[in-house]
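Asks: Have a look; sequence and predicted model below, questions after that.
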There are 4 protein chains.
Amino acid sequence: MAGSVFGKQFVVSTWGESHGKGVGVTIDGCPAGLPLTEDVIQPYLNRRKPGQTRYSTPRKEEDLVEILSGVFEGKTTGTPVSMVVYNTSQRSKDYSEIMNVYRPGHADYTFDEKYGFRDYRGGGRSSGRETISRVAAGAVAVELLKQLGISVQAYAKKIGGIEAVKIRPEDIMKSPLYMPDLEASERAEIMLEEKMKQHDSVGGVIECVVKGMPVGVGEPVFDKLDASLAKAVMSIGAVKGVEIGDGFCAADSFGAENNDAFRMDENGNVIKETNHAGGVLGGLSDGTDIILRAAVKPTPSIARVQHTVNRDGEETDITIHGRHDPIIVPRAVVVVEAMTAITLVDLLFASMTARLDRLIDFFGR
Amino acid sequence: MAGSVFGKQFVVSTWGESHGKGVGVTIDGCPAGLPLTEDVIQPYLNRRKPGQTRYSTPRKEEDLVEILSGVFEGKTTGTPVSMVVYNTSQRSKDYSEIMNVYRPGHADYTFDEKYGFRDYRGGGRSSGRETISRVAAGAVAVELLKQLGISVQAYAKKIGGIEAVKIRPEDIMKSPLYMPDLEASERAEIMLEEKMKQHDSVGGVIECVVKGMPVGVGEPVFDKLDASLAKAVMSIGAVKGVEIGDGFCAADSFGAENNDAFRMDENGNVIKETNHAGGVLGGLSDGTDIILRAAVKPTPSIARVQHTVNRDGEETDITIHGRHDPIIVPRAVVVVEAMTAITLVDLLFASMTARLDRLIDFFGR
Amino acid sequence: MAGSVFGKQFVVSTWGESHGKGVGVTIDGCPAGLPLTEDVIQPYLNRRKPGQTRYSTPRKEEDLVEILSGVFEGKTTGTPVSMVVYNTSQRSKDYSEIMNVYRPGHADYTFDEKYGFRDYRGGGRSSGRETISRVAAGAVAVELLKQLGISVQAYAKKIGGIEAVKIRPEDIMKSPLYMPDLEASERAEIMLEEKMKQHDSVGGVIECVVKGMPVGVGEPVFDKLDASLAKAVMSIGAVKGVEIGDGFCAADSFGAENNDAFRMDENGNVIKETNHAGGVLGGLSDGTDIILRAAVKPTPSIARVQHTVNRDGEETDITIHGRHDPIIVPRAVVVVEAMTAITLVDLLFASMTARLDRLIDFFGR
Amino acid sequence: MAGSVFGKQFVVSTWGESHGKGVGVTIDGCPAGLPLTEDVIQPYLNRRKPGQTRYSTPRKEEDLVEILSGVFEGKTTGTPVSMVVYNTSQRSKDYSEIMNVYRPGHADYTFDEKYGFRDYRGGGRSSGRETISRVAAGAVAVELLKQLGISVQAYAKKIGGIEAVKIRPEDIMKSPLYMPDLEASERAEIMLEEKMKQHDSVGGVIECVVKGMPVGVGEPVFDKLDASLAKAVMSIGAVKGVEIGDGFCAADSFGAENNDAFRMDENGNVIKETNHAGGVLGGLSDGTDIILRAAVKPTPSIARVQHTVNRDGEETDITIHGRHDPIIVPRAVVVVEAMTAITLVDLLFASMTARLDRLIDFFGR
């Protein structure tokens, strides 16, 4: 596959460019019987929509989703669910500069080398609008997981070096940065204002927590739960690192402190005293919260003069016009949830054939 | 696939348990004409073999590889290359304790839940011996990359918090820890001695550098080069985090400093003034060095009393006997190289169909 | 994958129902640089459009294709090519009968059992309209093959037992049945008129010939060229059998007559004296014409009273109203071409990595 | 994948050459808990072993299977099941003639073109010994299906034009040709004797019947049950055609006779009055017997002078020495069963995620 298809059983296939007719996604393998309408999906898309706060590009994009197939009488039919978001606000404008000049930190140069030419309008296929397709598919995955008692929630853990220390899930939506520590959120806003004045941009860390996973999901060796999540999340545009549980801190710790001791809870379930492992042992879910973090680089589009080269191999300068997101972390929060959810559904499905006794039960129905 | 198959065109399928008859791997999709014998592969396996230094388990394992198919007259034939390493030193011993009791930090509990029972001898499928198959396949991938002018080299970047600052590739093999800064290596050894006395274990960070990649390898959206590498490396047993280029540091930096300015070199090639991106732009290789890091947790097997539970759901204590690696970073260095190389071959193959003009050249031969 | 995704490198993902908003397809892995517009694709769709002759349903369906992504300035960009055909003539009507009653020879019963319910309007996902997506993707594949010097042509070989004996490719388009033997075509038309009066339907055989294939395409063992084509063609709705070369006749022949002797032609190329094998030896193309045939069952929708059961498990009768194709062979001819072409592109791509010397040439460019 | 890997969830990966060290297979995705030992698998291999009757090559090959992994205490563990059959009787001999000369009807020429050279000893990878791997994996699949109440049985339907008319399953094993009509079997034997005297070979048709399939297995559109079976069976060496139900006869029939009317049986199950469809409607199993047939060409190795060319592009003659099977149909019967069973397991697994209500049941356990 050439990169726009994801998953083995819950197969997500995306398409679309920033300034083409639209962006879309088809899910092959969505089970029949899931309640689904545009109203279910739209709120997810609204969370990544620009123009929600002063910390994202003020471009107006409605990003209204339309379901084209796979739903009948309000429920999925088991056949492919195709969804489209037509591009409406992408007005034609002058692209003469970025057409021939490579923006630092962007994929202009690598696309030209790979394909010989590129749709340069607004980044084309490498635009952040590509994540609309992920979020639409992710919304379906999140809804499916809910039906199985599993929740996925992400938030901004760190912005421009300022970290959310007290995580209060109920405060996530109160912060314009989706930061669950309102005091940290306010400090981050002040810092952002400063950086915006300097025509600079800021990075951050997104944390995602999954609750309710059954034990044993994920496959040993290559398709480990954490490995699969790492790919899913690292495939999001600006993500430069992924860690699970204590992650890079575990590398600096010692065995006696890093091991999570097992215990029994009052209901007779196996639990752990700590969760340094982030809910994964040997690549399989261990029944505790899955915790992952993604490092997001600062937005590469900044309104400063930058050194670069053009298509003809000449050195030149570039100034990127227009107003861009000074930070993409808040808008990427729902994208991390989406990719996490899509991955979990695929691995849940894969886990169903692990035991003959359960197969006999299933087919003996 | 149930997790033991990796890759789309250079397809690696592994099998085997710690104390079964052996471990092995089949590569489907290895091009014909690559010089290959056991002598080519064995040195890679020797680098992960235990008992090389006092910082690894003193178990004697010869780990001799045997090629069973796919090679004729010293060259690959294009048909599947099957390789096996028979288990020779895995003597039967008393497993009565770990048979029923779950070791903290290990996959015992999750395997039992997933499969209903497990081969408990020496960790079975979740043993570190599983990586023998990866290294054997990785050796073939590294040899193939060499033929295309691409090199892959990993080393210990950090051990127990002690970091290699001055990276001298020529010193890697001089350090018993594969640490390319001999001064740091010595300090790390002292620290390791201390921890071994305390019956504790240590983690670390492995860094891997790829040189000579053509521009444009990797696929946009889901199969990005960095995302694919993240999965490959995160799938190695004790790895808890992966980052590319500046990784998690990029999350704390600002756009003006994180963007890599483009320049032309004296040969008319596009280069970058810096490489914060780690050789990947928009998920595609940009022609500069690919740099990734893996966080490795401390070995979970430590000779201390630990709290845990048994198969019957009773709380108990466990003491793991035998001598285990106080650190697995040095032995995992070649595993990181292997997984990196396997991934690169697969993506190089995928990149061949990106342009019609090159297809016409290829088939017009 | 749940069945609507096809191919490994040229990945075709289809969606849509007969009476939903439309049907569509996304191709992931189409090389950059292929000239492509709606005008290129539409003629292929017109060949399967109903209402072209009196031997197909007189329903008016424009079936106009729209390209939504992956094309810029008239050429493919290497990113996913998404295409849609909106359903326009599917007027709402009374489905109360087939909603609850299972049509013999249709997928109504099996869909209900598999998914719990179904979009019963016009057959939903199991409608013949699903093949629009195949033809749109197939058109792209055929255009791509043309650029590599490979042609694909199918035609009606047999209709209602009447066989085309003298195959004149130039006559295919002159026959309303796409039968390259006009005398046989006329006899078949007379027979069809008779069957239509009897409210009955007719089956037939489609033959497909591929010219210009390089030698060695196809993969040994499971992904043989003929095996891959068999799946592709058998996956078309009414196809009940596939054969290559002499096919079932080979089963009745003897080795001395079935083997094709090799010879050299005047240009120094290896040729064969005969082609009983149909262009495939050991699963790989042998450089001669690839010849395959598909058996198409008679249209199951016939305007006669038929015995059946309903959703409540009661026996009942059904009379299918509306006018249906008395034969689907002519409209399926282009679908066989499409599936053949899609398969060939995928296997051509797979064949590129078979030899190290060619890889070195390719990457040394 | 390069052709030696089959399946999506029950993933079979084969390797080995005729005169290398052995042939083998790894199954990734075999559920835990299936009773499995060499004794279970060996009888399947014995059915394809040469030298059983005078109608197969008298070569002595023991073909003893050894399980290398994935089984513990007599049951599968859920991890990869690796099996090997070492080549023991493949004595070195003089291959100078076939080394450089292409045998008609064999893959010598196409392998040389694809890979640049080949392991010419006994056919190498394209030898019939490759099917040992299929049969070993198929044995596991058949055992798994048994546990789910599904049986697979193949037999010789036709040999050299002589057809088994009265199918008595209990007679299959009584016929040296695995022909369930003993009278036809005797006539076929006489014909075979005649052909052997003429140094000629014979083809035939294998029929396979599956009983006990649940309704709704198979995926719509591309991964239809019949399409998947067609690929699986067509991928067996000498198979040139595959049909389901009435197959090519359906192409000559009319709708009124080809449709199978539905009925209710005494237990309230939906049944069909006839089974022209061969147990598949719309690509999904319909609960009745699945019936498929494979056309097998006559053995290409015949002891006659044949025209051919050599590696240097010179015309020459070849006489194939040694005694070869005058017919491969009887030995291929178990191979057809194997490929059918492997395919069914994979599609059964895929079918488990079709309905949300069943997922909720499964995970709510």
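Replies: Now that the structure is in, tell me what you want to look at.
Asks: what's the nearest residue to A:Tyr86 if we skip its chain neighbours?
Replies: Counting by Cβ to Cβ, 6 or more residues apart in numbering or on different chains, A:Tyr86 lies nearest to A:Gly22, which is 4.1 Å off, once chain neighbours are set aside. (C-beta placed from N, C-alpha, C; glycine too.)
Asks: can you give me the helices in the stretch 101-250 of chain A?
Replies: A:108-115, A:131-147, A:182-197, A:225-234, A:248-251 (DSSP state H, counting those that start in this stretch).
Asks: Run through who's touching the first one.
Replies: What that stands for is helix A:108-115. Applying Cβ atoms under 8 Å, 6 or more residues apart in numbering or on different chains, the contact partners of helix A:108-115 are A:98, A:101-102, A:118, A:120, A:124-126, A:309, A:311, B:215-217, B:220, B:262, B:270, B:281-282, B:284-287, B:351, B:354-355, C:32-33, C:77-78.
Asks: Report the distance from stretch A:171-180 to the chain centre.
Replies: Distance of stretch A:171-180 from its chain centroid, counting by Cα atoms, centre = their mean, to the nearest Å, is 17 Å.
Asks: quick one on the thing from earlier: from what I see, the residue nearest to A:Tyr86 and C:Glu66 are in contact.
Replies: No - with contact defined as Cβ atoms under 8 Å, A:Gly22 does not reach C:Glu66; the gap is 10.8 Å.
Asks: Neighbour count: those two, which is higher?
Replies: Using other Cβ atoms under 10 Å in any protein chain shown as the criterion, A:Gly22 and C:Glu66 rank with A:Gly22 on top: 21 against 14.
Asks: how about the more buried one, what does it touch?
Replies: A:Gly16, A:Val84, A:Val85, A:Tyr86, A:Asn87, C:Leu68, C:Ser69.
Asks: any idea how far A:Asp252 lies from B:Ala164?
Replies: Distance from A:Asp252 to B:Ala164, counting by Cβ to Cβ, to the nearest Å: 14 Å.
Asks: same check, this time on A:Val85
Replies: Separation of A:Val85 from B:Ala164 (Cβ to Cβ) stands at 47 Å.
Asks: now swap in A:Lys224 and tell me
Replies: In terms of Cβ to Cβ, A:Lys224 sits 28 Å off from B:Ala164.
Asks: Between A:Asp252 and B:Ala164, which is the more surrounded one?
Replies: Neighbour count, other Cβ under 10 Å: between A:Asp252 and B:Ala164, B:Ala164 has more, with 27 against 20.
Asks: Wasn't A:Asp325 part of a strand?
Replies: No - assigned with DSSP: H, G, I helix; E, B strand; the rest coil, A:Asp325 falls outside any strand and is coil.
Asks: I'd guessed it sits against A:Ala332; true?
Replies: No - using Cβ under 8 Å as the test, A:Asp325 is too far from A:Ala332 to be in contact (9.7 Å).
Asks: Compare these two (neighbour count), which wins?
Replies: Neighbours were counted for A:Asp325 and for A:Ala332 using other Cβ under 10 Å; A:Ala332 has more, 28 against 21.
Asks: which residue sits closest to A:Val71 in space, ignoring its chain neighbours?
Replies: A:Leu36 (5.2 Å).
Asks: List the buried residues in the lowest-mean-pLDDT helix or strand in chain A.
Replies: Lowest mean confidence among the helices and strands of chain A (mean pLDDT, DSSP states H and E): helix A:96-100, at a mean of 82. Of the residues in helix A:96-100, A:Ile98 count as buried by neighbour count, 16 or more other Cβ atoms under 10 Å in any protein chain shown.
Asks: residues near A:Lys211, how many?
Replies: 13.
Asks: got a list of what the residue nearest to it when sequence neighbours are not counted touches?
Replies: Leaving aside its sequence neighbours, A:Lys211 sits nearest to A:Ser151 (Cβ to Cβ, 6+ apart; 4.9 Å). The contact partners of A:Ser151, by Cβ under 8 Å, 6+ apart, come to A:Leu145, A:Val210, A:Lys211, A:Gly212.
Asks: wait, the second one sits on A:Gly287?
Replies: No - taking contact to mean Cβ under 8 Å, the distance of 11.2 Å between A:Val210 and A:Gly287 leaves them out of contact.
Asks: Extract the CA atoms of stretch A:65-73 and return them as CSV.
Replies: Taking Å, rounded to 0.1, in the frame of the first residue of the first chain, the C-alpha atoms of stretch A:65-73 are listed here in CSV:
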residue,chain,number,x,y,z
VAL,A,65,-19.0,15.8,7.0
GLU,A,66,-21.3,13.9,4.7
ILE,A,67,-21.8,10.1,4.9
LEU,A,68,-21.9,8.7,1.4
SER,A,69,-22.4,5.0,2.0
GLY,A,70,-22.5,2.2,4.6
VAL,A,71,-25.3,3.6,6.7
PHE,A,72,-29.0,2.7,6.4
GLU,A,73,-31.8,3.8,8.6
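Asks: Flag every buried residue along that stretch.
Replies: Buried-residue list, stretch A:65-73, by 16+ other Cβ under 10 Å: A:Val65, A:Ile67, A:Leu68, A:Ser69, A:Gly70, A:Val71, A:Phe72.
Asks: Can you tell me which of the residues you listed is nearest chain B?
Replies: A:Val65 (18.6 Å; Cβ to the nearest Cβ).
Asks: bridging residues for the closest one?
Replies: Beta bridges link A:Val65 to A:Val85 when assigned by DSSP bridges.
Asks: Where does the stretch 151-300 of chain A get nearest to chain D, residue-wise?
Replies: Counting by Cβ to the nearest Cβ, the stretch 151-300 of chain A gets nearest chain D through A:Pro214, at 6.1 Å.
Asks: Give me the pLDDT for the residue nearest to that residue when sequence neighbours are not counted.
Replies: Spatial nearest neighbour of A:Pro214, excluding adjacent residues (Cβ to Cβ, 6+ apart): D:Phe363 at 6.1 Å. With respect to pLDDT, D:Phe363 scores 96.
Asks: Please consider this matter closed, and thank you.
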